[in-house]
Structure formats: C-alpha cells, structure tokens
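Chemist: Based on what follows, work out the 3D shape:
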Amino acid sequence: MFNDDFLIRFLAYQKERFPLLVLLFTTLAVVLSSYAIISFFTIVSNGSLKIIMAIFAVLIYLFHIRVIDECRDLGHDNQHHQRRPIQRGLISIEEIKRLDCFGLLIFIGISIWYGPYTFILGSIALLFSFVASRDFFLGEIIRKKFLIYNAINLVQTVILQTFTYTIFSSVWHTFSILWAHIIFVLSSSILIEFVRKIKIKEEESSGWDTYSWHFGFRKSLWIYGLLSIIMYLLFLIIVDALQILSGIVFVISMIFFMLLVSAIWWHSKRQSKLSENLLLFNTLVMYNGLHLIIYFTIKLLL
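Modeler: Residues are numbered from 1 along each chain as shown. A predicted model of the protein is given here:
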C-alpha cells in the first residue's frame, strides 16, 4: 500500500502542510474545553477515553480536509506554489488519499460507537466535506469569491465542534452557554485561519490566496486585531456566565491577550519573517491558553 520510505516522506510533508504537533496541541485544548463545558452541566462517564477518541476523530477529519484541499487546489498549486511537497514530488496525491481513506474508517467507527447523534453529525461533516470538495458544485463562480468561499468552508468548524460535544454526551443539550462556546471555538478557528494568510510582501504568492493580498498588509493586521478582541470578549462572556471569572483568570487571560496585541504591533513595524513567526506563536499561545483556562478552572471547581 505504501512505499518503504513513506513514513519519512510523510513526516516531511506534515511539517509543511499538516503540522501534527501544532494541531495536536490546538485540538487537545479545544477538546478539553469542550469536555469541561459538557461536564459542567452533566456527568461524563469514561471522560479520559472520550477525550482521546475525540482528539483522534478531529485530527482525522482535519487531515481529510487537508487532502481535499490538496486535490481541489492541485492545478492552482502547480502554477503558483511549485515548492510545496506534492508539487516537488516529495509525496503523491494517491498516497495521501490512501492514508485518508484509512483514517476515515476510524472516524466512521468512532461516530458509530458513540451513538446516533455522533453518527448523524459525523455523516453530515463527511457529506459537507464531499460537497466542499466539489466547490459546492459552483466551480470557479464560488472560488473567485475568496472571502465568501472561505466563510462557507468554516461551517465545517461548527459541525465538527458539535460532533465533539456528542462524543461526551449522548443527549443533545440546548444550554445557551453551549452555543456561546461554539461561537468561541469558531472565532478561535477564524483567528488561526486569518493569521496563516497574512504574508509580508516578499512571501506573497501570485495566486491571490492571502488576506494580505486582498486587504493589504496593514489593513489585514487591523482586521486580525479586531478578530482577536472578539475572541477574547467571547471568552470573558463564557467564563463570566459560568461564574468562574476570578481575578487570576482575568489576569492570566489578559497576559495572553496583551502578548498577542504586542506581537501584532511589532509585526506591523518589522514586517519580517521573525515577526510573522512571533505573531503566529502568540496566536497559538492565546488560542491554547484560553481554552485550557476554561478546562482547568472548571476541573478545579468540580
């Protein structure tokens, strides 16, 4: 099925196109905060196992989306991103598609195991990914609408997040805090999506596929700053609604937020690869940090 050196080549591939270590930490943080939110309102049995299964399922689905992107954007990347792993022959589309099929079997198994709600939402997620892989059957009409196209694809985040909740509870809850948490997770995902596509002038591609190309570098940073504020405010709303907004929670979360604001300011001034990496790093720190604050604060309370 795979060549002898596939693992070595895949590790090189994931470093560039699917950073497993980073995704593991971000997925862990979101799954833990989701588990904490559900356990705040109901008893979750076999919590540790469900956390592990949820992480597996989310990572498998995220890889599925990556494979879809590689297939869907092949022609575009061949023209505008010729140094990417597939384009330079490091790994083939067929190889990652085979790995994706293996992963989807595990995803479906997890969906079936945790009950009808999980199976239904898992099926909806896979159906949506299929429609997205066909560009919603609109072809270039939708692909040319960069912002609309990306916004529609973010619907998968909501579906996947709802799927995650159902792993922890076989009964669907309608708590308002649950909806607030979904919006918080969505805002977190938008933040990561946005920062990845803010490029300095030297790194802009000819493919017109970055926010900095569409809005300009500085305007993109302003928008990103606004998105950061929205995410932080949503966090404060959630912890206040849960009555866990203590002084230490506010101070630690504010430190994360101010570090990110500082990184935005420095990147606007330096516009270098170093400042770009620092901005991405602080985004991940705030992303993981706020989710983990929710988890650990609720765990200490319970």
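Chemist: quick one, helices of the stretch 151-300 of the chain?
Modeler: Per DSSP state H, counting those that start in this stretch, the stretch 151-300 of the chain carries helices over the ranges 155-168, 176-196, 211-215, 217-241, 247-270, 273-301.
Chemist: Point out the most buried one among these.
Modeler: helix 155-168 (a mean of 21; mean count of other CB atoms under 10 Å). C-beta coordinates here come from the backbone N, C-alpha and C atoms, glycine included.
Chemist: How far away from the center of its chain is that helix?
Modeler: Centroid displacement of helix 155-168 relative to its chain, using CA atoms, centre = their mean, to the nearest Å, is 12 Å.
Chemist: Now that helix: average pLDDT?
Modeler: Taken as a whole, helix 155-168 has an average pLDDT of 94.
Chemist: what's it packed up against?
Modeler: helix 20-41, helix 47-72, helix 116-133, helix 176-196 (3 or more CB pairs under 8 Å, 6 or more residues apart in numbering; DSSP states H and E).
Chemist: hmm, back to that, same list (the helices of the stretch 151-300 of the chain) but as CSV, adding distance to residue 128.
Modeler: As requested, the helices of the stretch 151-300 of the chain are exported to CSV (distance: least, CB to CB, whole Å):
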stretch, distance to residue 128
helix 155-168, 6
helix 176-196, 15
helix 211-215, 23
helix 217-241, 23
helix 247-270, 31
helix 273-301, 23
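Chemist: By mean pLDDT, show me the worst of those.
Modeler: helix 211-215 (a mean of 83).
Chemist: For residue 114, list the residues it contacts.
Modeler: 50, 53, 166, 167, 170 (CB atoms under 8 Å, 6 or more residues apart in numbering).
Chemist: between these, which is nearest residue 198?
Modeler: Distance to residue 198 across the contacts of residue 114 (CB to CB) is lowest for residue 167, with 33.3 Å.
Chemist: Was I right to think the closest one contacts residue 47?
Modeler: No. Residue 167 lies out of contact with residue 47 (CB atoms under 8 Å); the separation is 10.4 Å.
Chemist: Show me how the record splits the chain into domains.
Modeler: Here the domain parsing of the chain from automatic domain parsing is 1-173, 174-302.
Chemist: Return the distance of the nearest residue to residue 286 once chain neighbours are set aside relative to residue 196.
Modeler: Nearest residue to residue 286, sequence neighbours excluded (CB to CB, 6 or more residues apart in numbering): residue 256, at 4.4 Å. As for residue 256, its distance to residue 196 is 19 Å (criterion: CB to CB, to the nearest Å).
Chemist: number of nearby residues for the residue nearest to residue 170 when sequence neighbours are not counted?
Modeler: Counting by CB to CB, 6+ apart, residue 170 lies nearest to residue 115, which is 4.5 Å off, once chain neighbours are set aside. Neighbour count for residue 115, taken as other CB atoms under 10 Å: 14.
Chemist: mind checking how far residue 115 is from residue 197?
Modeler: 37 Å.
Chemist: just residue 222 next, same as before
Modeler: 15 Å.
Chemist: quick one, phi psi at the residue nearest to residue 170?
Modeler: phi 100, psi 180 (degrees, to the nearest 10).
Chemist: so it touches residue 171, yeah?
Modeler: No. Contact between residue 115 and residue 171 fails when scored by CB under 8 Å: they sit 9.2 Å apart.
Chemist: okay, now the closest residue to residue 103 other than its chain neighbours: neighbour count?
Modeler: Nearest residue to residue 103, sequence neighbours excluded (CB to CB, 6+ apart): residue 60, at 4.1 Å. By the criterion of other CB under 10 Å, residue 60 has 18 neighbours.
Chemist: I'd like the distance between the nearest residue to residue 245 once chain neighbours are set aside and residue 86.
Modeler: Setting aside the residues directly before and after it, residue 245 is nearest to residue 239 in space (CB to CB, 6+ apart), at 4.5 Å. Distance, residue 239 to residue 86, using CB to CB: 42 Å.
Chemist: What confidence value was assigned to residue 8?
Modeler: So residue 8 comes in at 88 (pLDDT).
Chemist: which residues touch it?
Modeler: No residues are in contact with residue 8 under the rule CB under 8 Å, 6+ apart.
Chemist: hmm, try it at 10 Å
Modeler: Contacts here follow CB atoms under 10 Å, 6 or more residues apart in numbering; on that basis residue 8 touches residue 90.
Chemist: does it belong to a helix or a strand, and which?
Modeler: For residue 8, the element it lies in under DSSP states H and E is helix 6-17.
Chemist: Over to residue 84. Which of the three states is it?
Modeler: coil (DSSP: H, G, I helix; E, B strand; the rest coil).
Chemist: In contact with it: list those residues for me.
Modeler: With CB under 10 Å, 6+ apart, residue 84 has these contacts: 13, 16, 17, 70, 73, 77, 78, 90.
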